[in-house]
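Student: turn this into a structure:
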Amino acid sequence: MLLRRATALPKTLQNLRLFSPAVTSALALDHSLETQLDYFPGFPRPDPKHAETILAVPRSDSGKNISAKERKAGRVPSIIFEQEDGQHGGNKRLVSVQTNQIRKLVTHLGYSFFLARLFDVEVRSELGSGEFIEKVRALPRSIHLHSGTDAPLNVTFIRAPPGTLLKVDIPLVFIGDDVSPGLKKGASLNTIKRTVKFLCPAEIIPPYIEVDLSLLDVGQKLVAGDLKVHPALKLVRPKDEPIVKIAGGRVSDQQKDQQKKDQPKKDQPKK
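Tutor: Got it, this is the predicted structure:
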């Protein structure tokens, strides 16, 4: 189901602070929608059991040698950016987070799901110290993992206080494959996208989006505009971008031979 969107901003979103001019120009929602900045019934919402506070300590400097020392000490070099384009000069705080904690969260949630979830980041003078510096609501923007061990090498956060809009790659979860007419006929599932980028209010970032395959037959597909999402979310990519398709499989030579054997034989001419 495609939720209708028009060109005006609803009153509940008029005071949201956008983090880049490009994002500002991209947002267009139906003014008639009485959008509440809360999760609607029937839409996925973050599981509270993963609502963990990420512990951090300040870092005075950056660089290859500093990062190596942090990793050796069991910490991951991190940055908390103030705004969407913080990589190009925005305010930032250098911190380090615990390697074991980040690794556990990525393992439990999954890579893409970790990058689509808000966390409280608590900065203290030292890990285990009672000296509190800052506590922020933040979204993991990126994380680099070791190619061999999957150990986190660095992680970047972006501040996400209430009243902000963030571009988020939302993971897709496919359902209905057990009843899809096309898949029941032996066709194959061609997954084109695993995530889709949306502009999301910080209050209602979905942990995932369900993609229903139950009505798809051979040759049919779903596009980004078909996804059922909260009306406050705005697609960043074109609506006609393909997400998934039911593709007919090729018939093997063995299957062709069997089909020929199963065909009724023609009457042979009498001699």
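Student: and for stretch 105-114, what are the contacting residues?
Tutor: Applying CB atoms under 8 Å, 6 or more residues apart in numbering, the contact partners of stretch 105-114 are 50, 52, 54, 117, 119, 140, 143, 145, 150, 152, 169, 171, 194-195, 207-208. In short, each C-beta sits where N, CA and C put it, glycine included.
Student: helices along this structure, start to end?
Tutor: Shown for the chain, the helices assigned by DSSP state H span residues 21-26, 64-72, 99-109, 111-114, 181-184, 253-262.
Student: chain center to the longest one, what's the gap?
Tutor: When distances are taken as CA atoms, centre = their mean, to the nearest Å, helix 99-109 is centred 17 Å away from the chain's centroid.
Student: same question, stretch 92-110
Tutor: Counting by CA atoms, centre = their mean, stretch 92-110 comes out at 17 Å from the chain centroid.
Student: repeat for stretch 145-155
Tutor: 19 Å.
Student: still on that earlier bit, list only buried entries from the contacts of stretch 105-114.
Tutor: 54, 117, 119, 140, 143, 145, 152, 171, 195, 207, 208 (16 or more other CB atoms under 10 Å).
Student: just checking, the second one touches residue 45?
Tutor: By that I understand residue 117. No: Residue 117 is beyond contact range of residue 45, at 11.0 Å (criterion: CB atoms under 8 Å).
Student: enumerate every residue touching residue 238.
Tutor: residue 224.
Student: can you give me the strands in the protein?
Tutor: Assigned by DSSP state E, the chain shows strands spanning 17-18, 53-58, 75-81, 92-98, 119-124, 132-145, 152-159, 164-175, 188-191, 195-201, 209-212, 221-223, 234-235, 242-247.
Student: and those: which comes nearest residue 64?
Tutor: Closest of those to residue 64 is strand 75-81, at 10.0 Å (criterion: CB to CB).
Student: ok now the closest one, how far from the chain's centre?
Tutor: Relative to its parent chain, strand 75-81 has a centroid offset of 20 Å by CA atoms, centre = their mean.
Student: give me the residues contacting that strand.
Tutor: 56-57, 59, 62, 66-67, 70-71, 87, 90-99, 102, 121, 136, 138, 141, 152-159.
Student: pairing partners for it, with directions?
Tutor: strand 92-98 (antiparallel), strand 152-159 (parallel) (DSSP bridges).
Student: can you give me the mean pLDDT across the last one?
Tutor: So the one you mean is strand 152-159. The average pLDDT within strand 152-159 is 95.
Student: how about that strand: buried residues?
Tutor: In strand 152-159, counting by 16+ other CB under 10 Å, buried: 152, 154, 155, 156, 157, 158, 159.
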